[in-house]
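In: Test case, fold it:
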Amino acid sequence: MRVAIEKAKEAQVVIMCGVSGSGKTFFARRLEQAGFCRISSDDIVWNKYGSDFTHFPLQRQKEIFMEAQHELAQQMISLIDIGKKVVVDSTMCRRAKRDQMRALCISKGIQPVIVYMSAPLHILKERLSERKDTGPDDLIVDEKNLYRFYTNFEIPYIDENAIICNSI
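Out: Numbers count the residues shown, from 1 in each chain. As a prediction, this is how the structure comes out:
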């Protein structure tokens, strides 16, 4: 992980991606210590809904995260505009989402770096089973949703030039 962090530090914008529990926030916080501004979709959701979020129907959770993604993009652009280094801490589970964020960066003259946090399902289950819903970094993901997220996650393609970090 140390090598991946050192590579990422050279970027102006780092876009994290990976399934819940894979270590995205841990990695992003390391970049934050190196001077990056960390922005997080989980923080946005928690600040608006708190622990109630995990009790909403799945469709409503999806809508809320879509709204958070839009806000995340706006935050990223605002920080780029004032010359800040940014780490985007979100699952970015779909190629289309990563492409959208990349396009926003490129429109500002910045080539972002994608960091993919990879972890096997059994590690994700173990990590997520310890969550207590006490804050944005501790949102509960039940096993059914974890399996759905894991099987539907679009791993970055080779042309995305992602840094792959095995978080075990």
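
In: From here on, just use CA atoms for contacts and neighbour counts.
Out: Noted.

In: Now the longest helix along the chain: average pLDDT?
Out: Counting residues, the longest helix in the chain under DSSP state H turns out to be helix 58-81. Averaged across helix 58-81, the pLDDT comes to 95.

In: Which SSE is immediately downstream of that helix?
Out: As assigned by DSSP states H and E, the chain's next helix or strand after helix 58-81 is strand 86-89.

In: next SSE after that following strand?
Out: Strand 86-89 is succeeded, C-terminally, by helix 95-107 (DSSP H and E).

In: Quote the end-to-end distance of stretch 4-22.
Out: 15 Å (C-alpha to C-alpha, to the nearest Å).

In: avg pLDDT for it?
Out: Mean predicted confidence for stretch 4-22 is 94.

In: try stretch 117-135
Out: 91.

In: Only alpha carbons, please: show it as CSV.
Out: Extracted C-alpha coordinates of stretch 117-135, given in CSV (Å, rounded to 0.1, in the frame of the first residue of the first chain):
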residue,chain,number,x,y,z
MET,A,117,-9.0,-0.9,-3.5
SER,A,118,-9.3,-4.6,-4.1
ALA,A,119,-10.3,-7.0,-1.3
PRO,A,120,-11.7,-10.6,-1.3
LEU,A,121,-15.3,-11.1,-0.2
HIS,A,122,-14.4,-12.8,3.1
ILE,A,123,-12.3,-9.8,4.2
LEU,A,124,-15.1,-7.4,3.3
LYS,A,125,-17.6,-9.5,5.3
GLU,A,126,-15.3,-9.5,8.3
ARG,A,127,-14.6,-5.7,8.2
LEU,A,128,-18.3,-4.8,7.6
SER,A,129,-19.5,-7.1,10.4
GLU,A,130,-17.6,-4.9,12.9
ARG,A,131,-19.4,-1.7,11.9
LYS,A,132,-21.8,-0.1,14.4
ASP,A,133,-23.4,2.8,12.4
THR,A,134,-21.8,5.4,14.5
GLY,A,135,-20.6,7.8,11.7
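
In: Pull out the buried residues from it.
Out: Met117, Ser118, Ala119, Leu121, Leu124, Lys125, Leu128, Arg131, Asp133 (16 or more other C-alpha atoms under 10 Å).

In: Which ones among these map onto helices?
Out: Leu121, Leu124, Lys125, Leu128.

In: Contacts for stretch 30-38, please.
Out: Ile5, Ala8, Lys9, Ala28, Arg29, Leu79, Lys84, Lys85, Val86, Val87, Val88, Asp89 (C-alpha atoms under 8 Å, 6 or more residues apart in numbering).

In: How far away from the center of its chain is it?
Out: Distance of stretch 30-38 from the chain centroid (C-alpha atoms, centre = their mean, to the nearest Å) equals 14 Å.

In: Please consider this matter closed, and thank you.
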